[in-house]
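1. return a 3D structure for these sequence lines:
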Amino acid sequence: MELSHLIYNSAATVEMDERALISLLEKARVKNEARSVTGVLLFTEGCFLQVLEGPTESVRELAAVIEADPRHDRMTVIIDEPIRRRSFEGWTMGFARLPSDEIREIAGINDFFAERAILDQIDEGRARKLLTAFGEGRWRVRNAGPEAVQTTAVTTQMEQMEQCVSDVAPRDVAPCPDDLDNYSFAFQPIVDVGAQSVWGHEALVRGANGQAAAAVLNHFRGDKMLRFDQDARLRALTLASHQSTQGRLAMNLVNRSLDSTRDVIGETLAHADELGFSSDRVIIEISEKDEIGDLDTFLDQIRPARAAGCQFALDDFGAGYSGLNLLAGFQPDLLKLDADLIRDISKHGPRQAIILGVVATCTDLGIEVIAEGVEDISEFQWLSHAGIGLFQGFLFARPGFECFPEPSYPTRGYSS
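-> Presented below is the predicted three-dimensional model:
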């Protein structure tokens, strides 16, 4: 029989005094014993951490029941994996954070915070490490749930549509001709929610009639892609200049373009200067998905642009080739977390730990973090609480075809 353990963290939605906790434990013990599920439930400062161990299907069925319990919310699964044997073999359910006199009256209950020696009875495995992390505060959540979503926009949606053709869904109405004249750009804001302001925009390629990027890019291979890559940045700058010469403009770069005989970034900056964009408003995005060959050569190639004030962003971080090695060697000005890494982040413990580590690393290195592809208010609230201040995604504004759309600014939604 396959055994699994599932460890989750959540926040209480109601006041839980000792009597309520004991009652919850006693009821849980009966149900868990019937499922052959053992484990421990910790509670402190309005936060739960629970370890469930037992037959895989039983553990998952019980987890589904627990998730539906209205006495807590923001249930975050930290780990769900097979185990060789239980860490809580003789426990139908242990409980933490009760006074010692009550602990003695209830069989199988131990206070991990008051009696730390109890950890010595548990294997040096993942469960023990996570219990320790919770006790030290690293897996606790805030007591207050998300506030009601509030947004402020300068214009209403109808007014915005009159100003700008919103790129709600790129239109695959027809393939794009195989030349450099039949494409355009949409622009999506990168917002600083704390300042309630637009920090910059990213230029996103579209067909001349609003087709999706793939309808354009599929026509360019090899040398044609390199010619398109350079032409695209010049065209994006020209279109953006019709909207505003203020703020930053982020544009992609195909890494292989740097191997050509042309100074492609220098030409981009020269064109920006002609249009009234200073070099320090130009951001070149290098995708982690686009493999960099020799890093030293790459750094030498971009050095003049950096000296001119151009900033570089490592895009799609978490979805590409080199990860932390590229981050350490490249040390970009900006790092954009990949949308797949942040999708449903409020419910995914392992990715939460990774992002917290990345944010801490970037803070130490002076690198600004941007969360891109944010679509859900819970994603924004968790990321904001994790220390991220710059955001991009449908939650704030959809890309505007050949225009700068007006964003909305949701509240962070956590009490401090």
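2. for the host helix or strand of residue 335, packing partners?
-> For residue 335, the host element (DSSP states H and E) is strand 334-337. When contacts are defined as 3 or more Cβ pairs under 8 Å, 6 or more residues apart in numbering; DSSP states H and E, strand 334-337 sits against strand 311-317, helix 349-365, strand 368-372. Quick note: C-beta positions are derived from backbone N, CA and C, even for glycine.
3. need those in CSV (columns: distance to residue 225 and mean pLDDT).
-> As requested, the helices and strands packed on strand 334-337 are exported to CSV (distance: least, Cβ to Cβ, whole Å; pLDDT from 0 to 100):
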stretch, distance to residue 225, mean pLDDT
strand 311-317, 17, 89
helix 349-365, 30, 90
strand 368-372, 23, 95
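4. count of neighbours near residue 388?
-> Using other Cβ atoms under 10 Å, residue 388 has 22 other residues around it.
5. so who does the nearest residue to residue 67 once chain neighbours are set aside touch?
-> Nearest residue to residue 67, sequence neighbours excluded (Cβ to Cβ, 6 or more residues apart in numbering): residue 75, at 5.1 Å. By Cβ atoms under 8 Å, 6 or more residues apart in numbering, the contact list for residue 75 reads 8, 9, 10, 66, 67, 347.
6. name the helix or strand for residue 75, please.
-> Counting by DSSP H and E, residue 75 is part of strand 72-83.
7. likewise residue 270?
-> Assigned by DSSP H and E, residue 270 falls in helix 264-275.
8. what's the answer for residue 325, then?
-> For residue 325, the host element (DSSP H and E) is helix 324-330.
9. quick one: the helices in the stretch 101-250 of the chain?
-> 126-135, 157-163, 213-217, 223-243 (DSSP state H, counting those that start in this stretch).
10. rank the ones you listed by pLDDT, which is bottom?
-> Per-stretch mean pLDDT for the helices of the stretch 101-250 of the chain is lowest at helix 157-163 (a mean of 42).
11. could you list the low-pLDDT ranges of the stretch 1-150 of the chain?
-> By pLDDT under 70, the low-scoring segments of the stretch 1-150 of the chain are 92-124, 141-150.
12. could you pull out the strands in it for me?
-> Counting by DSSP state E, counting those that start in this stretch, one finds strands in the stretch 1-150 of the chain at the ranges 3-12, 38-44, 47-55, 72-83, 94-95.
13. pretty sure residue 256 sits against residue 226.
-> Yes: counting by Cβ atoms under 8 Å, residue 226 is a contact partner of residue 256 at 6.5 Å.
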